[in-house]
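*Asks:* quick one: sequence plus predicted model below, questions after.
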Amino acid sequence: MVELMIVIVIIGVLAGIAVPIYNKNLMLAKRSEAVASIGTIRKELQLYYAEEGSYPIAESFTRVIGQDWNEINTGELTGTYFRDKNFKYRSYDGIEYRIKCQKNRILDKQIWIDETGHWKFDVDEDDED
C-alpha cells in the first residue's frame, strides 16, 4: 500500500510539472499560427500599397476575406486554432493600418500589427486604439 501511494505521489508531481509546460507550449503554438496568418495579410497589404500608393480604406475593422484588395481565398487563413473570420483589418487614412487577430476564446488577449511592423501581444479589447 505504501508503494502504491509513493507511485501516485510521483505521478502527481510529474503531472504538476508537465501540465504548465504543455499549456505554455500550446499558447505559443496558437500565437505562432496567428502571427503566420497576419504575415500573409501584411504581404497582401504591401502588394496593394506598391500598386496603389496607399492602403485600402476601412474605417472600422472588417474581415480580410472577401475584400477586393487581396487575393486571399476562403480557408487560407483557417488553421488549427483560428478561422478566416478571426482576422480583421482597419485603415482610416490609407497611410496607417492595423491587422488584428481576435482572441475568440482561443487566446487570452488580442494580437496586433501595424504598418511599421510593430507587434503588440496581449492587447485588451479596451486598448484597441
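*Replies:* Cool, got the structure. Remember, predicted model here, so these are calculated numbers, not experimental data.
*Asks:* just for this structure, where's the confidence low?
*Replies:* Scanning the chain for pLDDT under 70 picks out the ranges 125-129.
*Asks:* if we use 50, what do you get?
*Replies:* Scanning the chain for pLDDT under 50 picks out no residues.
*Asks:* quick check: Val35 vs Tyr89, distance?
*Replies:* 16 Å (CB to CB, to the nearest Å). All C-beta spots, glycine's among them, are computed from the backbone N, C-alpha and C.
*Asks:* these two: who's more crowded?
*Replies:* A direct count of neighbours by other CB atoms under 10 Å for Val35 and Tyr89 places Tyr89 higher, at 23 against 14.
*Asks:* so that one sits in a helix?
*Replies:* No. Secondary structure assignment (DSSP: H, G, I helix; E, B strand; the rest coil) places Tyr89 in strand, not in a helix.
*Asks:* surely it meets Ile99?
*Replies:* Yes. The pair Tyr89 and Ile99 qualifies as a contact (CB atoms under 8 Å) at a distance of 5.3 Å.
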